[in-house]
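K.L.:
sequence unknown, structure follows:
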């Protein structure tokens, strides 16, 4: 019987506070003391939000509501959320604290006060921001020179993050692209490490990388392929034949000069390196001759 009376009393209280705090759409935001405007509160996901409400000693009833749901009625907590509590300093403050804020906490919060004269309200809108997060990015790829390439970088956040791309060559200039970066007729100088950055000024930008290897075209040469990744050039010879043995030279040049490196390919079991020691003999179906061609910086 007593439990039923308590339940009935809480329902009556709920009806009272809902009627007390009904505000028409567009009602101006005011503080309880009617002296200064209350701005929206912007908080980052995971942080603690404190929604201030100041009162005086003439009040008879006070409550916090969110979307017409009672959070606190006086000192009695109606919300079941353990993250929510009150901050009180004597009879002068009746503020709401929400720990580990999440996106579902966003919305309008109303501090309602009943005095002997008339009800007063303070309404604040809580805005929750979420740091940018890249949740999907293209995997490293190897393509042939002249191919069309599309790199993807998908990110989430509140507000929506801005996505930018860079090729991390010496200039590292921004590229035209957002979620998708289209490279038409890719050239060997477009090989390298691509950086995708998502930012929305909520926290440190999220950054991911994609490595693009470009197989270069060689005219009148079968079984030979060149791959370029950044400043490294790799010469690949498939199905080595008698004609493939000999000297190979890699040359790198720019407007400041040129540099070269050479390697002699011997027949297995017959060749010697420059120090005079026998070369390793083995059955090869693929020769990988790698030159670290370090280009001059322009």
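P.N.:
Structure received. This structure is a prediction, so every number in the text was calculated from the model and none was measured.

K.L.:
On the pLDDT front, check the nearest residue to residue 191 once chain neighbours are set aside for me.
P.N.:
Spatial nearest neighbour of residue 191, chain neighbours left out: residue 214 (3.9 Å); criterion: Cβ to Cβ, 6 or more residues apart in numbering. Any C-beta I mention is one placed from the backbone N, CA and C, and that applies to glycine too. Looking at residue 214, its pLDDT reads 87.

K.L.:
So which residues make contact with the strand or helix carrying residue 214?
P.N.:
In this structure, residue 214 sits in strand 206-216 according to DSSP states H and E. Under the contact criterion Cβ atoms under 8 Å, 6 or more residues apart in numbering, strand 206-216 has outside partners 131-134, 137-145, 149, 151, 153, 155, 161, 168, 186-188, 190-199, 225-229.

K.L.:
Among the residues you listed, which lie within strands?
P.N.:
Here DSSP state E is the test, and the contacts of strand 206-216 give 131-134, 137, 141-144, 149, 151, 153, 155, 192-199, 225-229 as lying in strands.

K.L.:
I'd like the distance between residue 110 and residue 72.
P.N.:
Distance, residue 110 to residue 72, using Cβ to Cβ, to the nearest Å: 11 Å.

K.L.:
again with residue 117
P.N.:
Taken as Cβ to Cβ, the span from residue 117 to residue 72 is 23 Å.

K.L.:
Residue 43 too?
P.N.:
For residue 43, the distance to residue 72 - Cβ to Cβ - is 19 Å.

K.L.:
Mark out where each domain of the protein begins and ends.
P.N.:
2-129, 138-215, 218-291 (automatic domain parsing).

K.L.:
got the ones you listed as TSV, with mean neighbour count columns?
P.N.:
Output for these, formatted as TSV (neighbours: other Cβ atoms under 10 Å):
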stretch	mean neighbour count
domain 2-129	14
domain 138-215	16
domain 218-291	12
